[in-house]
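Asker: no FASTA, just this:
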């Protein structure tokens, strides 16, 4: 029973265009969502997060949108750059829980073509 | 600011053996978590340590155990290794123990069990 799903294993976009990465979750207790980026041979690095009290959070070229009723979030990268090519993981957690367990999706490999 | 460091980077063990993986937290971080990442999957939460005590555990058997030291460094021990334990083991530190604290990952230890 996978509680966080990233249904697209891969995505390819042209440099300068928008990249949209999607994530769905099933656990209603999740109220905090994070995106991580992972390059080969490196650990994941934190990118951006959003609390369930918001529906949008923006940081430079990266914007995360949250649709609580649909249990769906998306990461928008505009404009996409070749250096954005990496695996992107969506993660979800419960803010009030005593332990900061994060539940991850299986990732989407983004390729940005020059 | 020193990031999260893990050792060793690669390890090969035989089924039934025991292994110890080590992690140094990012400076100033008091919480450490361990994740297992199988090939093609997202990281799975093993457990979290806060103030030298286990603060939460995922769906892993007791042969997975850990320690956190006063300097916030940590060890992951796995006894009676099984072939399915072959994976990338990621250590992550954070400023707080709750779910809204972004994780700072090390580059991982690749464990192969033969």
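Answerer: Done, it's in. Everything numeric in this text was worked out from a predicted model, so none of it was measured.

Asker: The closest residue to chain A within chain B pairs with what?
Answerer: Relative to chain A, the nearest point of chain B is residue B:56 (2.4 Å; C-beta to the nearest C-beta). Any C-beta I mention is one placed from the backbone N, CA and C, and that applies to glycine too. When bridges are called by DSSP bridges, residue B:56 pairs up with residue B:48.

Asker: Name the helix or strand for the residue most central in space within chain B, please.
Answerer: Closest residue to the average C-alpha location of chain B: residue B:34 at 3.0 Å, with C-alpha atoms, centre = their mean. Assessed by DSSP states H and E, residue B:34 sits inside strand B:31-37.

Asker: Other residues contacting that strand?
Answerer: A:100-102, A:104, B:23, B:25, B:43-50, B:55, B:60, B:66, B:68, B:72-74, B:76, B:87-97, B:101, B:103, B:105, B:108 (C-beta atoms under 8 Å, 6 or more residues apart in numbering or on different chains).

Asker: likewise stretch A:58-65?
Answerer: Stretch A:58-65 is contacted by residues A:33, A:35, A:47-50, A:55-57, A:73-79, A:81 when judged by C-beta under 8 Å, 6+ apart.

Asker: can you rerun that using 10 Å?
Answerer: A:18-23, A:33-35, A:37, A:47-50, A:54-57, A:72-81, A:84, A:90 (C-beta atoms under 10 Å, 6 or more residues apart in numbering or on different chains).

Asker: got the buried residues for the lowest-mean-pLDDT helix or strand in chain B?
Answerer: Here the helix or strand of chain B ranked lowest by mean pLDDT, DSSP states H and E is strand B:53-57, holding a mean of 90. By neighbour count on 16 or more other C-beta atoms under 10 Å in any protein chain shown, the buried set for strand B:53-57 is B:55-57.

Asker: Dihedrals phi and psi, residue A:73?
Answerer: When read as degrees, to the nearest 10, the backbone of residue A:73 gives phi -130, psi 160.

Asker: And for residue A:83?
Answerer: Per degrees, to the nearest 10, the backbone of residue A:83 is at phi -70, psi -10.

Asker: One more: residue A:82?
Answerer: Dihedral angles (degrees, to the nearest 10) for residue A:82: phi -50, psi -30.

Asker: Run a quick neighbour tally on it.
Answerer: If you count neighbours by other C-beta atoms under 10 Å in any protein chain shown, residue A:82 ends up with 10.

Asker: picking that back up, right, and the residue of chain B closest to chain A touches residue B:97 too?
Answerer: Yes. Residue B:56 is within contact range of residue B:97, at 8.1 Å (criterion: C-beta atoms under 10 Å).

Asker: Stretch A:23-33 and chain B in contact?
Answerer: Yes. Stretch A:23-33 reaches chain B (C-beta under 10 Å from any C-beta of the partner chain) through A:29-33.

Asker: Parallel or antiparallel, list what pairs with the helix or strand hosting residue A:48.
Answerer: Using DSSP H and E, residue A:48 maps to strand A:45-51. Strand pairing for strand A:45-51, determined by DSSP bridges: strand A:32-38 (antiparallel).

Asker: now the strand it pairs with against strand B:31-37, angle please.
Answerer: 60 degrees (axes from the mean of the first three to the mean of the last three C-alpha atoms, to 10 degrees).

Asker: can you pull out the strands in chain A?
Answerer: Along chain A, counting by DSSP state E, strands occupy A:4-5, A:10-14, A:19-25, A:32-38, A:45-51, A:56-59, A:62-67, A:72-77, A:86-93, A:103-104, A:108-113.

Asker: Ok, chain B next?
Answerer: Going by DSSP E, chain B shows strands at B:5-7, B:10-13, B:19-24, B:31-37, B:44-50, B:53-57, B:64-68, B:74-78, B:87-94, B:104-105, B:109-113.
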